[in-house]
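J.: give the three-dimensional model of this entry:
(4 chains)
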There are 2 protein chains.
Amino acid sequence: MGASLELAVSTVILALLPGTTAGCGDETLQLHLPLVRRTREPFAGRWALPGGWVTPDERLSSAARRTLAETTGLRPSYLEQLYTFGAPHRSPTGRVVSVVYTALVRAPEAAAVEIGENVRWAPADRLMETVGELAFDHAEIVDYALWRLRTKVGYAAIAQHFLGETFTLAELRGVHEAVLGKHLDPANFRRSVAASGAVEATDEVRSGAAHRPARLYRAVLPPGGATGGYPPWQSRPELG
Amino acid sequence: MGASLELAVSTVILALLPGTTAGCGDETLQLHLPLVRRTREPFAGRWALPGGWVTPDERLSSAARRTLAETTGLRPSYLEQLYTFGAPHRSPTGRVVSVVYTALVRAPEAAAVEIGENVRWAPADRLMETVGELAFDHAEIVDYALWRLRTKVGYAAIAQHFLGETFTLAELRGVHEAVLGKHLDPANFRRSVAASGAVEATDEVRSGAAHRPARLYRAVLPPGGATGGYPPWQSRPELG
DNA sequence: CCAAAAGTGTTTCATTTACACCCATGT
DNA sequence: ACATGGGTGTAAATGAAACACTTTTGG
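T.: Next up, the predicted model:
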């Protein structure tokens, strides 16, 4: 039977926070993730993904939520299993298999995280420059999570989890632009989102800016029973 | 620390074998998977996915390959991690977390599997009718694997792993048709495959049939360094 | 010569892209 | 009034689907 083997969960939590982009010095939204500083060996002093051990009675996703709350206080608006990493020598202390989740959190909740000596936000694309080498194989894990997010926003309605209950299409477009790192045509973006059926208009608008008020939209849940299969634009959120 | 918790691997192995389709009684290629009959409790007598326990020194993918060989003798041409299932009461005997892999095998190797009292091939779409209820949550796992394969053949070059070193485009089209369960236009299929760059022509042809010989093609490996990221048509095969 | 599948060309339709233009609001 | 982004319209470009047609083999 499988002995001398530990099962952990880790989470790549992503939030869009203001930050300086690589190219120019202007302030735009940028993907950030919270890291925790390790206080014990192995890799004491280095920064790592939040995580912890799986207890016998909880679901894997529950373990991810729990360890997330314990280490950072965050409660994600979206949580999805990413991949399970289990190379024999990931940890120098013994065999550790990590089920890794990707979580998305909204900016206000992200801002509420108390930054301290051992918890901080780091820009996802410049981890090396800002916090140095990550512990374990966590740098590889972050790379993979970013790749998955960027490919997935193209076909799945997940960007809205970075935003609140209602949002303007310009805000949603801003999320896509920040994630993909490129400009999107407002007119075409509006059409493609409308065609996808991922959002529905409310009867409210957001005014206050020095221009015409923008209509507010709300995310619409996956219809589910399309052709009997799982909808192509939203893979199953919680399985097994 | 994570105690009283077992880590297993299971594999959904898929092969294209001749079989009667649901609608009419004609013989076409159909997705099949090998099942093993459980000889002990829990679920003694029921059919299940091949799998086993992870040993401390091997990679997860190696554990999948090893248990696969031990239970069925198969050596897959393609192996990819599918998902990790870990609901608390999946197994009545205690907490078991299963890292599930999807494997593709070629028809000749599939035919070499010795069918016996405790190993058999079953058509993937009619498991209930042919072998009854599967053990554990394996029916759900198979459903998810089939969904993933069917969505993935649309954008990734994986169908070729059902075929040999060289193959005709008609054979490759036959694989796609069997997986997707629908007819594809030969002319358009040829163009889309050529445009994807997933295959390259050899200077040989397959003759012997009562018609013009077909050119043989070979699968071409992912180029890798496209834009620095992982290629969109082939996610990373072995990670962590 | 004929059947049957390989392979090419063309026409049509839908989708994406680019960009011009009007609308409504705060200053 | 006018600058600014919200929102609509439209034409060109690109790509997918449908199908006619030519080529080359075995019988």
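
J.: ok, A:R75 to A:A103 distance?
T.: 9 Å (Cβ to Cβ, to the nearest Å). Backbone N, C-alpha and C define where each C-beta goes, glycine included.

J.: who has more neighbours out of those two?
T.: Set side by side, A:R75 and A:A103 show more neighbours around A:A103, with 25 against 12, by other Cβ atoms under 10 Å in any protein chain shown.

J.: can you tell me the element that one falls in?
T.: Using DSSP states H and E, A:A103 falls within strand A:96-104.

J.: after the strand ranked longest in chain A comes which helix or strand?
T.: The longest strand of chain A (DSSP state E) is strand A:6-20. Counting by DSSP H and E, the next helix or strand C-terminal to strand A:6-20 is strand A:27-37.

J.: any buried residues in that next one, and which?
T.: A:29-37 (16 or more other Cβ atoms under 10 Å in any protein chain shown).

J.: output the contacting helices and strands for that strand.
T.: strand A:6-20, strand A:47-48, helix A:60-72, strand A:119-123, helix A:138-152, helix A:169-180 (3 or more Cβ pairs under 8 Å, 6 or more residues apart in numbering or on different chains; DSSP states H and E).

J.: so what does A:T93 look like in phi/psi?
T.: Note on A:T93: backbone dihedrals following degrees, to the nearest 10 are phi -90, psi -10.

J.: now it. Nearest residue, chain neighbours left out?
T.: Spatial nearest neighbour of A:T93, chain neighbours left out: A:P42 (5.6 Å); criterion: Cβ to Cβ, 6 or more residues apart in numbering or on different chains.

J.: also A:L60?
T.: Looking at A:L60 with Cβ to Cβ, 6+ apart, the closest residue is B:G86, at 4.1 Å.

J.: contacts only, for the one you found.
T.: For B:G86, the contacting residues are A:54, A:59-60, A:99, A:240, B:95-98, by Cβ atoms under 8 Å, 6 or more residues apart in numbering or on different chains.

J.: write the ChimeraX selection for whichever of these are buried.
T.: Burial among those is assessed by 16+ other Cβ under 10 Å; the matching ChimeraX selection reads:
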select /A:54,60,99,240 /B:95,96,97,98
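
J.: straight-line length of stretch A:35-50, end to end?
T.: 6 Å (Cα to Cα, to the nearest Å).

J.: quick one: contacts of it?
T.: By Cβ under 8 Å, 6+ apart, stretch A:35-50 touches A:10-13, A:33-34, A:67-68, A:71-72, A:91-93, A:100, A:117-122, A:127, A:131-136, A:138, A:141-142.

J.: repeat that for 6 Å
T.: Applying Cβ atoms under 6 Å, 6 or more residues apart in numbering or on different chains, the external contacts of stretch A:35-50 come out as A:10-11, A:68, A:71-72, A:92-93, A:118-119, A:122, A:131, A:134-135, A:138.

J.: can you give me the distance of the residue lying closest to A:V119 once chain neighbours are set aside to A:R75?
T.: Of all residues not flanking A:V119 in the chain, A:V36 sits nearest, at 5.5 Å (Cβ to Cβ, 6+ apart). In this view, A:V36 and A:R75 are 16 Å apart by Cβ to Cβ.

J.: contact residues of chain A facing DNA strand D?
T.: Within chain A, the positions near DNA strand D by Cβ under 7 Å from any atom of the strand are A:168-170, A:186-187, A:190, A:205, A:209-215.

J.: now secondary structure and neighbour count too, for the residues you listed, in TSV please.
T.: Shown next, in TSV, are the residues of chain A next to DNA strand D (DSSP: H, G, I helix; E, B strand; the rest coil; neighbours: other Cβ atoms under 10 Å in any protein chain shown):
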residue	secondary structure	neighbour count
A:T168	strand	17
A:L169	helix	18
A:A170	helix	13
A:P186	helix	11
A:A187	helix	8
A:R190	helix	15
A:V205	strand	13
A:A209	coil	10
A:A210	coil	4
A:H211	coil	6
A:R212	coil	8
A:P213	coil	12
A:A214	strand	15
A:R215	strand	14
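
J.: so where's chain A shaky on pLDDT?
T.: Scanning chain A with the threshold set as pLDDT under 70 gives A:1-3, A:20-27, A:222-240.

J.: per-domain residue ranges of it.
T.: A:6-152, A:159-219 (automatic domain parsing).
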